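K.L.:
model this:
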Amino acid sequence: MQYDMRALFSFLFLVSAAGTCFGQANQTCQHTGLITPVFNFSVDGFLGTWYGQKIYAGLADNATPLEFRCLEVEFSRSNSAFFTLTAEERYISFDNGTDVSNAVTDYIHISEKNDAVWNIVGVVDGELVEADSVIVQTDYTNWVIEFGCSVRDNYRYENMHIWTRERVPDPEVMAILEILVNNYGFPPANARTVDQTNC
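P.N.:
Just a heads-up that it's a prediction; the model follows:
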């Protein structure tokens, strides 16, 4: 697999110059509008399968251990409207020490102002939950960095995700992506690694 390392370093430089920390808990997703989305984002280029690699919490207290592994998401266009996508999440949970395969479908409304800004609706623990999502950086064929925000019980959860097209990504690319996320204000100490082995 070939990667454009120069493009990655260019993104790294830009984010280093403009990075801002988003880590305060609040009742609204006020920072979503402050995150710069991908310019001229191609929805069709983004569709397909992505594997979750790292999840960064906005606050260290929210960086609790993951209770799942083998996270993957399949993005596809919905038949109902041009500005709607569906995302089928597949993962293995192990809450009680036993692997349980799960599949959840989320519904995504794409902003009419920018295709890289989404509102996601899904069910978490039996409750209907909405979340904001911003595609921050991507090369479409190998990796993506996504900002997310949701509010539950008047508490704002902000996070960054690193997704890759391969279940086991190139370590050098991951190292650069981790620096990028850090420069957005999500430090390595707030990261959880998704186990993608034995899936």
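K.L.:
Can you pull out the low-pLDDT segments for the chain?
P.N.:
1-33, 79-83, 124-125 (pLDDT under 70).
K.L.:
can you give me the strands in it?
P.N.:
Using DSSP state E, the strands of the chain run over residues 48-57, 68-77, 84-93, 100-110, 117-124, 127-138, 143-152, 155-164, 191-193.
K.L.:
Adding distance to Ile176 and mean neighbour count, write these out as a markdown table.
P.N.:
The way it works is simple: take the backbone N, C-alpha and C, and place the C-beta from them, glycine included. What follows is the strands of the chain, written out as a markdown table (distance: least, Cβ to Cβ, whole Å; neighbours: other Cβ atoms under 10 Å):
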| stretch | distance to Ile176 | mean neighbour count |
| --- | --- | --- |
| strand 48-57 | 12 | 20 |
| strand 68-77 | 21 | 17 |
| strand 84-93 | 26 | 16 |
| strand 100-110 | 27 | 14 |
| strand 117-124 | 24 | 16 |
| strand 127-138 | 11 | 18 |
| strand 143-152 | 9 | 21 |
| strand 155-164 | 10 | 22 |
| strand 191-193 | 14 | 16 |
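K.L.:
Pipe those into CSV and attach distance to Pro171 per row.
P.N.:
Shown next, in CSV, are the strands of the chain (distance: least, Cβ to Cβ, whole Å):
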stretch, distance to Pro171
strand 48-57, 11
strand 68-77, 19
strand 84-93, 23
strand 100-110, 28
strand 117-124, 29
strand 127-138, 19
strand 143-152, 13
strand 155-164, 11
strand 191-193, 12
